[in-house]
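A.B. asks: Sequence first, predicted model second:
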Amino acid sequence: MTLQDHIHSQTREIRDAIRSIDIHFNDIREKLGAFEERLKRISTEITRCRTLEIERKRLLNETEDKETDLQKEFDELEQRRTVLLDRLLERRAEKNKAEQLLKEARVKIEETQSSVKEHHGLRVKLENELHDVEQEKIRYQQRFNESLLGALDSYLTEVENRIDSALVGDRERELRLTILQKFKNARHEDREIGDLCDQRDQYRELISVATVPSVKEMLKGALHEIEKSLEARYPGALSASGTLTPLNLIEELPYFIDQDQKASVLLPINWVLWKEIERGEMGQSADRAMSLIWGLINDCKIKSSDGIFQLINKRCIYYSNFTEEDISLLEGFKLKMQVGIVQFRFMPLPIEIQEALFNEAANS
């Protein structure tokens, strides 16, 4: 399974959840924007009503002044009483109308203020809901990052296991070749072994041309005894192939570009093993890890000033001074074995995993 398969498998559900949350988040923001627009219209209406209230007050004051003047004229000029009374009644009607308009304006203001209060409550509710959704998205993003890093760690572990398996197989191939070579030398140098080998070849030839079943079975029995004798002297020599196919394994080592635009390579070395190497403990796994590191240093012609090997968040990383262009020009390096080779090529990490690594480093 490739790194991309791990990423797809372990992040599919979280990706869907984040996509659903983004839709919910955008819907709430649209509703909040609509409420803001309504509040603006209500505020405009309040301003208009207050302006109208001032105008009505002004009109009321003017009307009261006129009423006072007319009352004085009424007292002074009784003969004009009928005319002035009509005018007085007219002014009072205007006053009543103005008072009614003022009352309506005040009712409108009270209704508008009530609406503003209601919309403010809805706004607070939406803001709280938006905050909850944002927090939920953060939690899912954290789980998503953890899944991405889990996929990366799984991939590095798989690469490490494949290298270990290759080295075990390499030792077995080397042992088989050694046994086979000793057997070949003995055939020419040891007369007894040479005679047994010649008998074996002749019996195998006779078996291939024999047509009588009983004769063929007899020949097979004699051949079995000869091979049993050879196998006792050189275990596994007869089953070993003279042309063992060398192992050729190709692995990809991921790298990321840090905030200083420098390339850092992730190494498939278990952090516990790294600690053991730091303490001076050795073994086959430690030899494999050091061979990998020396292969990187030698094939890529790395100097001590080019970078540093460090254990960060239980990952073995080579922090280099190479730029992205520098590392893209490197062809990789090789881990040579007795009967095969493991080739390592550098590959850039997906952007989302690089971001997950940066977030992990910032929060650690």
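C.D. replies: Alright, I've got the coordinates.
A.B. asks: Next one: the closest residue to Pro348 other than its chain neighbours from Ser285, what distance?
C.D. replies: Computed as CB to CB, 6 or more residues apart in numbering, the closest residue to Pro348 that is not its neighbour in sequence is Tyr255, at 6.2 Å. C-beta coordinates here come from the backbone N, C-alpha and C atoms, glycine included. Distance, Tyr255 to Ser285, by CB to CB, to the nearest Å: 23 Å.
A.B. asks: Who has more neighbours out of those two?
C.D. replies: Tyr255 (22 against 19; other CB atoms under 10 Å).
A.B. asks: Adjacent strands (with direction) for the helix or strand containing the more buried one?
C.D. replies: For Tyr255, the element it lies in under DSSP states H and E is strand 247-257. Sheet pairing of strand 247-257 (DSSP bridges) gives strand 263-267 (antiparallel), strand 340-348 (parallel).
A.B. asks: Could you look over those and pick the most buried one?
C.D. replies: strand 263-267 (a mean of 22; mean count of other CB atoms under 10 Å).
A.B. asks: helices or strands up against the host helix or strand of Phe144?
C.D. replies: Assessed by DSSP H and E, Phe144 sits inside helix 81-189. Packing contacts for helix 81-189, counted by 3 or more CB pairs under 8 Å, 6 or more residues apart in numbering; DSSP states H and E, involve helix 3-76, helix 191-209, strand 247-257, strand 263-267, helix 284-299, strand 333-337, strand 340-348, helix 351-363.
A.B. asks: With respect to burial, which of the ones you listed scores highest?
C.D. replies: strand 263-267 (a mean of 22).
A.B. asks: How far does that strand sit from its chain's centre?
C.D. replies: With CA atoms, centre = their mean, to the nearest Å as the basis, strand 263-267 stands 17 Å off its chain's centre.
A.B. asks: swap in stretch 17-28?
C.D. replies: Using CA atoms, centre = their mean, the offset of stretch 17-28 from its chain centre is 19 Å.
A.B. asks: One more: stretch 274-281?
C.D. replies: Worked out by CA atoms, centre = their mean, stretch 274-281 lies 31 Å from the chain centre.
A.B. asks: What residues of it count as buried?
C.D. replies: 274, 276-277 (16 or more other CB atoms under 10 Å).
A.B. asks: what do you get for stretch 206-221?
C.D. replies: 206-207, 219.
A.B. asks: Got the domain ranges for the chain?
C.D. replies: 3-146, 190-233, 245-363 (automatic domain parsing).
A.B. asks: Tell me which of these lies nearest to Asp164.
C.D. replies: domain 245-363 (6.5 Å; CB to CB).
A.B. asks: and the closest one, what's its mean pLDDT?
C.D. replies: When pLDDT is averaged over domain 245-363, the result is 87.
A.B. asks: How about stretch 127-147?
C.D. replies: 86.
A.B. asks: go on, stretch 229-238?
C.D. replies: 71.
A.B. asks: now stretch 81-93
C.D. replies: On average, stretch 81-93 scores 80.
A.B. asks: Likewise for stretch 96-107?
C.D. replies: Here the average pLDDT along stretch 96-107 is 84.
A.B. asks: would you list the domains of the chain in CSV and tack on distance to Arg162?
C.D. replies: Below are these laid out as CSV (distance: least, CB to CB, whole Å):
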stretch, distance to Arg162
domain 3-146, 13
domain 190-233, 32
domain 245-363, 7
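A.B. asks: Tell me which of those lies nearest to Lys182.
C.D. replies: Across these, closest to Lys182 is domain 190-233 (CB to CB), at 9.7 Å.
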